[in-house]
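1. task: produce atomic coordinates for the following.
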Amino acid sequence: MQQDLYDLEEAEEASPEGRDRRRDTRRPHEKKKRRDRTRAPMRPGKAPEWFACVHCGQPIAAEAFGTQHRNHCPYCLWSRHVDETPGDRASECRSAMEPIAVWARPGGDWAIIHRCRGCGDLKSNRIAGDDNELLLVALATRALAQPPFPLNRLAALGERGGGGGTAVA
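-> Below you'll find the predicted structure:
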């Protein structure tokens, strides 16, 4: 039986397909080097064509409608701290950046506020055309859903006619 197995292995190595196979000469404790698949291959002077999200791992196209320097995930809106100024990719931090809010820029465009989990820096990133609209609205309403005071205080102000402002219809 062992002779048959040996003959089979010898025949496979002698075959044209067998010649192409390379024997693994590494010692058992040596690990095979793997290419980092979380980043696209870089070409000198060019931005990557895609990147993997730092939070959810989704592959992300580097170009999208509505943005020239994409650095956030359209699925979960997380980002990576890569820029000092938009598009320069000069930040050394490289930590994950959590989306914490949205704001309306002058002119009506929305932008996402990200807080870096490594250094605490705050950055504003313009939304892209393919960003998750439900998550954008959830970020926009977070402040209203979790006010820093009890909501029943507003009802009491309305009953008294207080508040000093005009009512919004």
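2. return the lengthiest strand in the chain as CSV; C-alpha atoms alone will do.
-> Looking across the chain with DSSP state E, the single longest strand is strand 96-104. Written as CSV, here are the backbone C-alpha positions of strand 96-104 (Å, rounded to 0.1, in the frame of the first residue of the first chain):
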residue,chain,number,x,y,z
ALA,A,96,-10.4,54.3,13.3
MET,A,97,-12.7,57.4,13.2
GLU,A,98,-16.3,57.0,14.5
PRO,A,99,-19.1,59.0,13.0
ILE,A,100,-20.6,61.0,15.8
ALA,A,101,-22.8,63.7,14.0
VAL,A,102,-23.7,65.4,10.8
TRP,A,103,-24.0,69.1,10.1
ALA,A,104,-25.2,71.2,7.2
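3. wait, what's in contact with residue 50?
-> Residues in contact with residue 50 (Cβ atoms under 8 Å, 6 or more residues apart in numbering) are 40, 59, 60, 61, 62. All C-beta atoms are positioned from the backbone trio N, CA, C, and that covers glycine.
4. now do the contacts for the third one.
-> For residue 60, the set of contacting residues under the criterion of Cβ under 8 Å, 6+ apart consists of 50, 51, 52, 53, 70, 73, 74.
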